[in-house]
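Colleague: sharing a sequence plus its predicted fold:
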Amino acid sequence: MMALVAVLCCTQCQQEASLRTPRAVRFVPDPRAIVPRSMTKLAREANIKARILPRNSPQRRAAKRLNPRFITIHSTANHGSTSTAMQHSRALCNGAFTDRSWHLTVDQFMVVQNLPLTETGWHAGNAAGNRNSIGIEMCESENTRQNHFRTWERAAKLTAVLMKRYGLNLRHVVPHYHWTRKNCPAPLLDGGRPGVKWAWFISRVDYYYRCINGGKPNR
């Protein structure tokens, strides 16, 4: 019995440690003048298409209520030429990913919403991340038409919209790395860790947030 209590306490401590807000990312703010727009307009620019998984799908049966405290950024690590946001959504709906789920998938053309933002997904690799964050997957397709910078820009716009909607600051925008030390999102990490590339992405999120917040940051 004592051993079980010790395990439970250890697990709880690990989850509480994971939920600590990370230190602010150092980055150079984009010096360009902001282009003011409403949150609705920026969401339209992100081009969000809803394609919600069926309620009885395996990925949603064990879902819990989600009150987002973090936004977790991933990359798919799927380089296939047809690995678009819509194709990943189809794969989820067809049961190809029975052990994982995430809220939104981004490619250079659109964002596809897979889960309600009020429900938990299985994307962070641990309970703390799953129970407290919205999961965003960025496509890594290597077809000749793919433009990764456009995908990252679209993800930055989406993230800014979600920050505004849920009252989150930049310190609560984290890479998958934050939860499990996994090299994800690999294209935006340096040597498997947040560095210059991640700081660049955060600067883009900051820019778009200021565009919908009267020029004021939320860092």
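Modeller: Nice, I can see it. All figures in this text were calculated on a predicted structure; none of them were measured in a lab.
Colleague: which stretches of this structure form helices?
Modeller: 2-18, 39-46, 58-61, 85-93, 127-132, 148-166, 177-180, 196-212 (DSSP state H).
Colleague: which of those sits closest to residue 113?
Modeller: helix 85-93 (8.5 Å; C-beta to C-beta). Quick note: C-beta positions are derived from backbone N, CA and C, even for glycine.
Colleague: let me have the helices of the chain in TSV, extended by mean neighbour count.
Modeller: Formatted as TSV, these follow (neighbours: other C-beta atoms under 10 Å):
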stretch	mean neighbour count
helix 2-18	11
helix 39-46	16
helix 58-61	15
helix 85-93	19
helix 127-132	20
helix 148-166	21
helix 177-180	20
helix 196-212	20
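Colleague: ok, which of these comes nearest residue 72?
Modeller: Here helix 127-132 is closest among those (C-beta to C-beta), at 6.0 Å.
Colleague: got a list of contacts for the closest one?
Modeller: Outside helix 127-132, the residues within contact range by C-beta atoms under 8 Å, 6 or more residues apart in numbering are 14-16, 18-19, 64, 66-70, 72, 120-124, 176, 178-180.
Colleague: what separates that helix from the chain centre, distance-wise?
Modeller: Offset of helix 127-132 from its chain centre (C-alpha atoms, centre = their mean, to the nearest Å): 13 Å.
Colleague: alpha carbons of that helix, as PDB, please.
Modeller: Listed next in PDB are the C-alpha coordinates belonging to helix 127-132 (Å, rounded to 0.1, in the frame of the first residue of the first chain):
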ATOM      1  CA  ALA A 127      -1.200  13.200 -18.800                       C
ATOM      2  CA  ALA A 128      -0.300  16.800 -17.800                       C
ATOM      3  CA  GLY A 129       0.200  17.900 -21.400                       C
ATOM      4  CA  ASN A 130      -2.900  16.100 -22.700                       C
ATOM      5  CA  ARG A 131      -5.200  17.300 -19.900                       C
ATOM      6  CA  ASN A 132      -4.100  21.000 -20.100                       C
END
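Colleague: what mean pLDDT does that helix get?
Modeller: Confidence for helix 127-132, expressed as mean pLDDT, is 96.
Colleague: now do stretch 91-109
Modeller: 91.
Colleague: any idea how far it is from the chain center?
Modeller: 13 Å.
Colleague: what about it, start to end distance?
Modeller: In stretch 91-109, first residue to last residue: 18 Å (C-alpha to C-alpha, to the nearest Å).
Colleague: check stretch 174-191 too.
Modeller: 17 Å.
Colleague: all numbers from here: first residue = 92
Modeller: Done: numbering now begins at 92, and the last item shifts to stretch 265-282.
Colleague: contact partners of it?
Modeller: Counting by C-beta under 8 Å, 6+ apart, 109, 113, 161-166, 168, 214-217, 219-220, 224, 229, 231, 239, 243, 283-289, 291-292 sit against stretch 265-282.
Colleague: returning to what we had before: let's have the helices of the chain in CSV, adding distance to residue 309.
Modeller: Below are these laid out as CSV (distance: least, C-beta to C-beta, whole Å):
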stretch, distance to residue 309
helix 93-109, 22
helix 130-137, 13
helix 149-152, 31
helix 176-184, 27
helix 218-223, 18
helix 239-257, 7
helix 268-271, 18
helix 287-303, 6
